[in-house]
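1. my questions concern the predicted model and sequence given below.
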There are 2 protein chains.
Amino acid sequence: MTLAKPQLTEGEISSDPGPKRTAIVGAATRVFLDKGYGAASMDAIADEAGVSKQTVYSHFGSKEALFEAIIEDKCNELLSRVSMQAPSLKSADAHDPERIFKNMGESFLLTVLAAPSMALFRVVIAESGRFPELAEAFYRAGPAVALDNLASLLEDLHQAGTLSVPDPSSSAKLFYAMLRGDLYIRRLLDLAAEPTPAERNAVVNEAVAAFLTAHAP
Amino acid sequence: MTLAKPQLTEGEISSDPGPKRTAIVGAATRVFLDKGYGAASMDAIADEAGVSKQTVYSHFGSKEALFEAIIEDKCNELLSRVSMQAPSLKSADAHDPERIFKNMGESFLLTVLAAPSMALFRVVIAESGRFPELAEAFYRAGPAVALDNLASLLEDLHQAGTLSVPDPSSSAKLFYAMLRGDLYIRRLLDLAAEPTPAERNAVVNEAVAAFLTAHAP
DNA sequence: GTCTATAAAAGGATAGAC
DNA sequence: GTCTATCCTTTTATAGAC
């Protein structure tokens, strides 16, 4: 008996994990990203989720498994955000690289320096010894994708003669490094707040100007 | 009574902290930098030092106090290394900035990408929430000093007309950011080993070339 | 100062009822 | 699946002898 199993409400696809599980995931995400792996307790996560500890263990077998699930989830989220920002070379912009790079730089900083990205990065760095596979997942979902996208754009611009980019991969790394600048370090150390639009703009302008000068045809 | 108090042996200044304390400091440094604050236990530190746990508590009152002492100590060590690398503008090199910058870049990467620096940086990042004053101490002992030194060199080169550097502070940040590049991220995530001399050289050459092009007079 | 032994508490994980 | 209650290890910190 019990015909209706998951009981779909209002057009939701059947992939709804269930409300309790959703609450656990949300709570664990907050606690892990806020306190770090070591200082996060399963009791705190259960409380934050409004659920008993045993329920947490029923869904995820152990603290390690829960942590891995959470971080992989956030990496996938990061991946989709980064993928969406893939720069497109519309033929209209082929001769105005400055606009392309400024737009890229702006959305890169907006994504990367935001509090959730920084929190994720901090935790992954801290636990890179204990969870090396998470460090690699993070790199592949974020930096690696962005680098690949930019490198192929640079190759196109080189072919078109707009810029001189003999080594697209290295130049892509250089561009992102210039964008991160010193602010990235201070954000990692939690010494600086998210930059204002004016601060972002100053960094982007300086980086783009230097990059274009260095790669003039 | 008890006339000779610290009992100076062989010309050592009276600042010798005593062998036990030295052993504790060494052990705590290794354990904290290897495991991180949370996963490091006072038992492990006492064992590593070959000393009882109570002795550790006699010298440093608590785990937090011990951690702070260790990290501040490493920051001072970092400070002296960075200060020693202050670039000097000999008049002979005033018209060969490429040599100055390549030397700077080389020793910067050598220091910063080395395992001890990375381990310290990882721990400080991980605990920046719990110990914000350590994050600031780290930044001031390392990045801030290097930036100040480079900025004043850039100002000299600008005055001499060798380079065009309207904003020395921003340009200094840009230069170090270019040097860190993508490798820094991968080192932070423990995905890459220390670079070979050839790899370092490639990064330095690319960064210096781009920097000089962007700041040509 | 240094050690052995011991508190006291926190946290990961499980048992068993519903 | 979910909850309450409990187990047991680890860990910070202290007491007391020497």
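-> Alright, I've got the coordinates.
2. how close does residue A:157 sit to residue B:206?
-> 18 Å (C-beta to C-beta, to the nearest Å). From N, CA and C alone the C-beta is placed, and that goes for glycine too.
3. of the two, which one has the most company?
-> residue A:157 (24 against 20; other C-beta atoms under 10 Å in any protein chain shown).
4. who's in contact with that one?
-> For residue A:157, the contact set (C-beta atoms under 8 Å, 6 or more residues apart in numbering or on different chains) comprises A:89, A:94, A:97, A:163, A:165.
5. Provide the secondary structure category for it.
-> State at residue A:157, reduced to three classes by DSSP: H, G, I helix; E, B strand; the rest coil: helix.
6. for residue A:17, same thing?
-> Secondary structure state of residue A:17, per three-state DSSP, is coil.
7. that one - nearest residue in space that isn't next to it in sequence?
-> Leaving aside its chain neighbours, residue A:17 sits nearest to residue A:25 (7.6 Å; criterion: C-beta to C-beta, 6 or more residues apart in numbering or on different chains).
8. so that neighbour is in which element?
-> Using DSSP states H and E, residue A:25 sits within helix A:19-35.
9. give me the contacts around that helix.
-> With C-beta under 8 Å, 6+ apart as the test, helix A:19-35 has contacts from A:16-17, A:40, A:44-46, A:48-51, A:55-56, A:59-60, A:66-67, A:69-71, A:73-74, A:116, A:119-120, A:123, B:129.
10. for it, what is the average pLDDT?
-> Helix A:19-35 carries an average pLDDT of 98.
11. of the contacts of residue A:157, buried ones?
-> Among the contacts of residue A:157, those classed as buried by neighbour count (16 or more other C-beta atoms under 10 Å in any protein chain shown) are A:89, A:97, A:163, A:165.
12. how near is the second one to residue A:170?
-> Pointing back at residue A:97 there. From residue A:97 to residue A:170 the distance is 18 Å (C-beta to C-beta).
13. sorry, back to before: mean confidence for the next helix-or-strand element following the helix holding residue A:25?
-> Sequence-wise, the next helix or strand downstream of helix A:19-35 (DSSP H and E) is helix A:42-49. Helix A:42-49 carries an average pLDDT of 98.
14. domain ranges for chain A?
-> Domain assignment for chain A by automatic domain parsing gives A:16-61, A:70-214.
15. got the buried residues for stretch A:86-103?
-> Buried residues in stretch A:86-103, counted by 16+ other C-beta under 10 Å: A:87, A:89, A:93, A:97, A:100, A:101, A:102.
16. sorry, wrong one. I was asking about stretch A:103-111.
-> Across stretch A:103-111, burial judged by 16+ other C-beta under 10 Å covers A:104, A:105, A:106, A:107, A:108, A:109, A:110, A:111.
17. return the member of the residues you listed nearest to DNA strand D.
-> Closest approach to DNA strand D among the buried residues of stretch A:103-111 (C-beta to the nearest atom of the strand): residue A:111, at 33.6 Å.
18. is it true that the closest one touches residue A:117?
-> Yes - with contacts counted by C-beta atoms under 8 Å, residue A:111 reaches residue A:117, the gap being 6.2 Å.
19. for the residue in chain A positioned nearest to chain B, give me its contacts.
-> Per C-beta to the nearest C-beta, residue A:38 is where chain A lies closest to chain B, at 2.5 Å. Going by C-beta under 8 Å, 6+ apart, residue A:38 touches B:36, B:37, B:38, B:39.
20. hmm, 10 Å instead?
-> Taking C-beta atoms under 10 Å, 6 or more residues apart in numbering or on different chains as the criterion, residue A:38 is in contact with A:126, A:127, A:130, B:35, B:36, B:37, B:38, B:39, B:40, B:126, B:127.
21. ditto for residue A:128
-> Contacts of residue A:128 by C-beta under 10 Å, 6+ apart are A:134, A:135, A:136, A:138, A:139, B:122, B:126, B:188, B:189, B:190, B:191.
22. would CSV of those with pLDDT, distance to residue B:150 and neighbour count be doable?
-> Formatted as CSV, the contacts of residue A:128 follow (pLDDT from 0 to 100; distance: C-beta to C-beta, whole Å; neighbours: other C-beta atoms under 10 Å in any protein chain shown):
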residue, pLDDT, distance to residue B:150, neighbour count
A:134, 98, 35, 21
A:135, 98, 30, 21
A:136, 98, 33, 18
A:138, 98, 31, 27
A:139, 98, 29, 22
B:122, 98, 24, 22
B:126, 98, 28, 23
B:188, 98, 22, 22
B:189, 98, 26, 20
B:190, 98, 28, 18
B:191, 98, 28, 17
